[in-house]
Every structure is written in structure tokens, then in C-alpha cells.
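S.K.: how does the following fold in three dimensions:
(chains A and B)
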There are 2 protein chains.
Amino acid sequence: MDTCEIKALTFDVFGTVVDWRSSIIEEGRKLGLRKHIEADWVSVADTWRRRYNPAMERVRSGERGWIKLDQLHRENLLEVLQEHHIDTLDDAEIDDFNRAWHRLTPWPDSVPGLTRLKQKFILATLSNGNVALMVNMAKYGGLPWDAILGAETARAYKPQPQAYLRTADHLGLEPRQVMMVAAHNRDLIKAGKLGFRTAFIYRPTEYGPQQKSDLEPVRKYDFVANSLLDLADKLVPED
Amino acid sequence: MDTCEIKALTFDVFGTVVDWRSSIIEEGRKLGLRKHIEADWVSVADTWRRRYNPAMERVRSGERGWIKLDQLHRENLLEVLQEHHIDTLDDAEIDDFNRAWHRLTPWPDSVPGLTRLKQKFILATLSNGNVALMVNMAKYGGLPWDAILGAETARAYKPQPQAYLRTADHLGLEPRQVMMVAAHNRDLIKAGKLGFRTAFIYRPTEYGPQQKSDLEPVRKYDFVANSLLDLADKLVPED
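M.R.: Sure thing, here's the model as predicted:
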């Protein structure tokens, strides 16, 4: 396809750019060592993430008003800790563990891939993470975003159309001038329906070794790539 | 003062970080050469800028709904062109001249100063410019922002309190953890009243050689600096 019209790439971040699962497990293990807590930190990470979509759904449906992901994460964390019988953390420790989402490690190809893509395109987040979470994560991992956009600036959680459309509008671009980059079919199908270009990134271990969803693209997207470096090879060929 | 508490610096951009006046004059001159238009481009730049605040005031007052600065700039430009009897530009040429605000040149100290400040602080725009304008300007001039925030993401034009307070909230910070950096007393006085730290930057030729306002800080600010490199010397001393 002709990529001349594409001015900006917008990125899903959790799973597509950063390895949230390994990072949260590791933060849990370190916390456990520090506080002498025996717990199944893999299960903590997975149950914490499992509560992510239902929590946002209550905002999307209008059941509750706009609320940042940091706050949803914290509410979910309290439930997860209770479920795992972890009851020796004080408020500051819970806050700090909640901010583990601000310290997620990029996949190895993310920083070099984004750095090359940035030569040609505007790179913006289009994540359900709030601005502070994304800014702190970028500082932590060296992610070279041009703009931090998405749910909080659009005041809508993906896959609500406003999350995509307001982000394109903030960039001063038509949807067809923007390509959504994600490891998740649902995200790309929605973006594509709204007129965005689409790029699928394989992240077959995002949910661990037994991952069952999003192992393959289920539609025809504009690009399919094994990594962000592979996407850069396709979009910004080196001389 | 103790700077440990400061996590982010928020910047006024027009005049503080970029030399809008020389840039607009230069773009006008080039347009004049290309289109064989004789005009006083210095006066075009100055009258265009003079219409900036009154246009925003109609949004601030609620006389009209939210509208991006790009659109206000364009409406103002049509009036300025008429005033200067420039009537040979087509819509695309007017659009392109309007986008001169996306191509403003940084003051010579801005990029090296910001680059050093970025080692220690989150750097965010807190400008009345819209997101696309700021993103394109950053690409054009190499401004290393961590986040593009301000009027459009806050949906309020400075000096409305929401412009400052929502920006701090987007960064997940209390006002006292944020320092407003500006060459304009009005901006700093308002930010200071809301609890922000304040840094005044001398830009004595922003409005040209006959500048009369903002030549000196009129209050006691936390920092006063001759340039962004000077501010970096004060906040991020080199070994």
C-alpha cells in the first residue's frame, strides 16, 4: 500500500509496546521479598489484568462517570489483594504497587523500532492508560513519543469510537492519515471501521506461554509485523 | 529554594520557547516573494498576533464554544489579509500561511536547554496552542517534550484556572510539584496563585526591538533566568 498519506502512527501500549505481565509479576515478587509475603504473583498479575476491561466497561456504559485508569487499577488491586489474602500492605505500599503500571518494561524491539519510525511519522499513544501513567512509563523505558494521547485526553475508553476519533482530531488529521498499531484484533477492527489504517504486531506471549487470543490477525490489515523493528523495516526502509 | 519537590516543568511556548515574530515575518516575506505580493510583513505579523488574545477571550467568556487555536488563527488571518489588502491568496495558500504557526523557530538556547532540563524533569507544554500545532512545531524544531498538554487537552485557554489545574491533574501532580516557565508575567502570576512554582525567562525582543511589556519580572518568582540554558544551569547543574 501507499504509505505517503500516513502522517501519524497511534499505538496501543499495554501488550503492544510494553510487556505488562512480566513487569507486574516481577514487581510483585520484589514486593513479596521486601515484605515477606508469600503469594502467587503470576496469579496476582493475571487476575489484576482480568479486572481491567470490566472496570472500564462501567465507565464506557455510563454506569459511572469518567475516571482515570490509575484509579480503576487501584480499586481492582484492592480486590485482588483481598482475593489473594495479602493484607499487610499499607496505603503507601499499595499506591507504589499500583504505580508498577507506570514502570512497565518495553519489549526489546520497542525503543529501537519507535526510534526509527519517529524519523518519518508522528508517534502518539492511543492507550487506555492515563496521561501520567504514559508519561512516567515513557520516562522509565525511554519511549520516544511525540504526543501522549488516548483515553484521558479523549475522555473515552477504547473501543469507544470517540477514543480514536478525538485522538485523530487532536493530531489535526483525518482517520485515513493515521495508522493504529496494536497486538489486539478488537482494537484494530474498531480503528479500521472508523477509517484508520491498521498494523497488527505479533505478541504471542503477552498473556504468558499459554496465550490463546490474538495469536494471529483475524482480518486483513494494512500491515502485519513481528515486532516494531519489523514494522520499521516495512515503513522506513534503511538505505 | 528546594527543587526536590518539583517533578514537572510546564512551558508557555509562543515567545518563551520559540521566536514566533521573526518566524511569521520570515514566512510572510517568503510568501510575498513567491506570490509577488508587496506588503509590510512586520505589520502583518504584529496585527495577526494582536488579534490573538481578543479571539481567545470570546471563548474564555463563553461568547462562543470551544474552538482550537488553529481555527482562531485562521479567522484572524482572514481579517489581517483584508486589512493589508492582500487578496490574491487561494484557500490552500491561506491554510499554508496559517500553518506557519506550526513552523516557528526555537530561540537558540531552547533545544539545548530543554534537553538538559529533560534529564531531571518531565517537560510538558502548557500553551494555548492546540495539540497538532504543538506536535508539528516540536517535530519541526526538535523540541523534546515529554507531553503536549495545555489549552486543548484542558479545554480552557490560559489564564483560565482550568488550563493550569487540569494540566497538573493530567500529569498526576499537585500544583506545587509543577513549575510554570514563561516569559510573561500574567501567565506566571496566575500559575503562582494556583500553587505552581514559577520561573521567569527574559525574552526582551519577543515583540521586536521596541518591546515594552514583560521586560522585567514584576513579582518575586522562584527562578529568573536569561534563557532556558540559564534555567538548566540553575536547576540541573553540570558536574
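S.K.: run through chain A and note the low-pLDDT ranges.
M.R.: Where chain A drops to pLDDT under 70, the residues are A:1, A:239.
S.K.: rerun at 50
M.R.: Scanning chain A for pLDDT under 50 picks out no residues.
S.K.: can you tell me which residues in it are near chain B?
M.R.: When proximity is defined as Cβ under 8 Å from any Cβ of the partner chain, chain A approaches chain B at A:70, A:122, A:124, A:130-133, A:135-136, A:138-139, A:146-149, A:152-153, A:170-173. Backbone N, C-alpha and C define where each C-beta goes, glycine included.
S.K.: out of those, which are inside helices?
M.R.: Of the positions in the residues of chain A next to chain B, A:Asp70, A:Val131, A:Ala132, A:Leu133, A:Val135, A:Asn136, A:Ala138, A:Lys139, A:Glu152, A:Thr153, A:His170 sit in helices, assigned by DSSP state H.
S.K.: hey, where'd the strands end up in chain A?
M.R.: For chain A, strands defined by DSSP state E occupy the ranges A:8-11, A:122-127, A:147-150, A:178-182, A:197-201, A:223-225.
S.K.: break down chain A into its helices, ranges please.
M.R.: Using DSSP H, helices in chain A cover A:20-35, A:41-50, A:52-60, A:69-83, A:91-98, A:110-117, A:131-141, A:151-154, A:161-170, A:185-193, A:228-235.
S.K.: now the ones in helices among the residues of chain A next to chain B as JSON lines including distance to A:Thr105 and neighbour count?
M.R.: Output for those, formatted as JSON lines (distance: Cβ to Cβ, whole Å; neighbours: other Cβ atoms under 10 Å in any protein chain shown):
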{"residue": "A:Asp70", "distance to A:Thr105": "19", "neighbour count": "20"}
{"residue": "A:Val131", "distance to A:Thr105": "20", "neighbour count": "27"}
{"residue": "A:Ala132", "distance to A:Thr105": "18", "neighbour count": "25"}
{"residue": "A:Leu133", "distance to A:Thr105": "14", "neighbour count": "27"}
{"residue": "A:Val135", "distance to A:Thr105": "16", "neighbour count": "26"}
{"residue": "A:Asn136", "distance to A:Thr105": "13", "neighbour count": "21"}
{"residue": "A:Ala138", "distance to A:Thr105": "13", "neighbour count": "22"}
{"residue": "A:Lys139", "distance to A:Thr105": "13", "neighbour count": "15"}
{"residue": "A:Glu152", "distance to A:Thr105": "22", "neighbour count": "26"}
{"residue": "A:Thr153", "distance to A:Thr105": "25", "neighbour count": "26"}
{"residue": "A:His170", "distance to A:Thr105": "28", "neighbour count": "22"}
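S.K.: one step back: okay, the strands of chain A in CSV with mean neighbour count next?
M.R.: CSV is the format used below for these (neighbours: other Cβ atoms under 10 Å in any protein chain shown):
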stretch, mean neighbour count
strand A:8-11, 26
strand A:122-127, 26
strand A:147-150, 30
strand A:178-182, 29
strand A:197-201, 26
strand A:223-225, 18
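S.K.: for B:Arg203, find the nearest of the ones you listed.
M.R.: strand A:147-150 (25.4 Å; Cβ to Cβ).
S.K.: hang on, the earlier thing: most packed of the helices of chain A?
M.R.: Neighbour counts (mean count of other Cβ atoms under 10 Å in any protein chain shown) averaged over each of the helices of chain A peak at helix A:151-154, with a mean of 25.
S.K.: report the backbone C-alpha coordinates of it in PDB.
M.R.: What follows is helix A:151-154, C-alpha atoms only, in PDB (Å, rounded to 0.1, in the frame of the first residue of the first chain):
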ATOM      1  CA  ALA A 151      -8.400   7.700  26.700                       C
ATOM      2  CA  GLU A 152      -7.800  10.500  29.100                       C
ATOM      3  CA  THR A 153      -7.400  13.300  26.600                       C
ATOM      4  CA  ALA A 154     -10.400  11.900  24.600                       C
END
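S.K.: packing partners of it?
M.R.: Where contact means 3 or more Cβ pairs under 8 Å, 6 or more residues apart in numbering or on different chains; DSSP states H and E, helix A:151-154 is packed against helix A:161-170.
S.K.: kindly export the helix it packs on (C-alpha atoms) in CSV.
M.R.: Only the C-alpha atoms of helix A:161-170 are listed here, as CSV (Å, rounded to 0.1, in the frame of the first residue of the first chain):
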residue,chain,number,x,y,z
PRO,A,161,-15.3,5.5,18.8
GLN,A,162,-14.5,8.8,20.5
ALA,A,163,-11.2,7.5,21.8
TYR,A,164,-10.0,7.0,18.2
LEU,A,165,-11.7,9.9,16.5
ARG,A,166,-10.8,12.6,19.1
THR,A,167,-7.2,11.4,19.1
ALA,A,168,-7.1,11.9,15.3
ASP,A,169,-8.7,15.3,15.7
HIS,A,170,-6.2,16.3,18.4
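S.K.: if anything else comes up later, I'll come back, but that's it for now.
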